[in-house]
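Undergrad: Output the structure for:
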Amino acid sequence: MISPDLPAALKASLEARLHGQSRQDAAARAARISAAYRSGGNSGTITSDTDAIAYATVRMPATYAAIAASLNAVMQACPDFAPASLLDVGAGPATASFAAAEAFPPLTSFNAVDSNAALRGLALTLADDTMRLRDLSYALGPARALLDRAGSADLVIASYMIGELADAERSAIVDALWATTGDTLLIVEPGTPAGYQRIIAARDRLIAAGAHVAAPCPHAAPCPLVAPDWCHFAQRLARSRAHRELKGADVPFEDEKFSFIALTRKPATHRPAARVLAPTAITKIGAAAKLCQADGAAGVVSIPRRDKPAFAAARRWDWGDGVEPPPRR
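TA: The predicted structure follows:
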């Protein structure tokens with residue numbers, strides 16, 4: 001399993017790019033770009049190297065944390081997965097590439113695609129500062145056209161990307177992502193109801209195409225959650241001093257909420273029997289955990305303190321963990 005925090009070399013390289021710039025100006029740039037994203041915009045608002053550095057300082061740590069947590073779930077479900085090649089689609093500053101490099105030492109081929117020149121330039125600069133990604137190949141252009149020409153990769157990642165597309169484009173991109181996937185496809189989106197709906201649409205479409213669910217779902221049945229509920233997770237990450245300054249934040253950490261789906265060509269060998277869907281509540285009586293289980297059902301499971309082994313396990317469960325629940329009685 002890998003840490004949710006940026007690797008030291010990547011963090012140092014990113015902060016070195018920020019050095020000498022006005023923190024006030026960088027904070028204003030990052031806020032403007034984030035506001036555009038929240039209102040339905042895309043990376044087209046990032047038009048300069050300065051924009052790219054400011055935005056990456058604020059958002060790259062959280063995006064990395066969500067991808068790292070998702071990859072940890074993949075590694076739990078598929079412990080023998082050892083990809084040699086990666087395709088990072090909608091790569092931005094190559095956040096997913098850096099996370100995958102940490103998660104999978106066998107990776108030797110790193111390929112990325114994105115249409116934003118400023119983010120591509122930053123990604124290649126950051127890659128040059130790290131030994132692991134110095135051979136990163138990064139194509140510039142529309143994802144749909146580049147995917148049509150891309151070769152197969154063992155691991156394909158599309159993180160915080162399909163939400164930037166129009167509804168009409170999304171299904172075609174999901175199909176193209178799967179077509180380039182040699183083994184495992186990971187799609188990560190913001191942990192909002194809209195992000196979850198995009199994940200579920202991709203999940204349903206690719207299950208129908210023959211894909212197998214590796215994570216987070218412990219089953220391939222329809223999602224049992226009913227609106228206003230939705231499946232999402234949270235990953236806590238540390239904020240650096242620069243990160244806090246640009247966000248105007250005092251708290252030394254933040255929680256990134258995300259939704260994801262990992263799909264494989266072959267069934268996962270160690271898919272957990274249940275996934276924890278919310279923080280576990282510990283009371284005087286016992287533990288209450290909201291679980292999605294292998295039979296396709298989701299709900300709160302109560303584990304009494306008198307069942308000491310099961311209670312001891314449940315009190316260690318975190319939101320998002322893949323777990324083995326106690327037998328139903």
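Undergrad: what about the strands in the stretch 101-250 of the chain?
TA: Ranges of strands in the stretch 101-250 of the chain, per DSSP state E, counting those that start in this stretch, are 109-114, 137-140, 153-159, 181-190, 212-215, 233-238.
Undergrad: got CSV for these, with mean neighbour count too?
TA: C-beta coordinates here come from the backbone N, C-alpha and C atoms, glycine included. Below are the strands of the stretch 101-250 of the chain laid out as CSV (neighbours: other C-beta atoms under 10 Å):
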stretch, mean neighbour count
strand 109-114, 23
strand 137-140, 16
strand 153-159, 26
strand 181-190, 24
strand 212-215, 23
strand 233-238, 19
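Undergrad: and Pro325, which of the ones you listed is closest to it?
TA: For these, the distance to Pro325 is smallest for strand 212-215, at 16.4 Å, taking C-beta to C-beta.
Undergrad: Name the surrounding residues that touch the closest one.
TA: For strand 212-215, contacts defined as C-beta atoms under 8 Å, 6 or more residues apart in numbering pick out 70, 73-74, 76-78, 184, 203, 207, 219-220, 260-268, 271, 275, 322.
Undergrad: Which of these fall in helices?
TA: Ser70, Ala73, Val74, Gln76, Ala77, Arg203, Ile207 (DSSP state H).
Undergrad: and this structure, what are its domains?
TA: Listed domain ranges for the chain are 8-264, 274-323 (source: automatic domain parsing).
Undergrad: hey, least reliable of those domains by pLDDT?
TA: Here the domains of the chain differ in mean pLDDT, and the lowest is domain 8-264 at a mean of 91.
Undergrad: Identify the farthest-apart pair in the ones in helices among the contacts of strand 212-215.
TA: Based on C-beta to C-beta, the longest span within the ones in helices among the contacts of strand 212-215 runs between Gln76 and Ile207 and measures 20.2 Å.
Undergrad: Now for Ala9, how many residues are close by?
TA: Residues lying near Ala9 (other C-beta atoms under 10 Å) number 15.
Undergrad: residues in contact with the residue nearest to it when sequence neighbours are not counted?
TA: Leaving aside its chain neighbours, Ala9 sits nearest to Thr130 (4.9 Å; criterion: C-beta to C-beta, 6 or more residues apart in numbering). Going by C-beta under 8 Å, 6+ apart, Thr130 touches Pro7, Ala9, Leu10, Ser13, Phe98.
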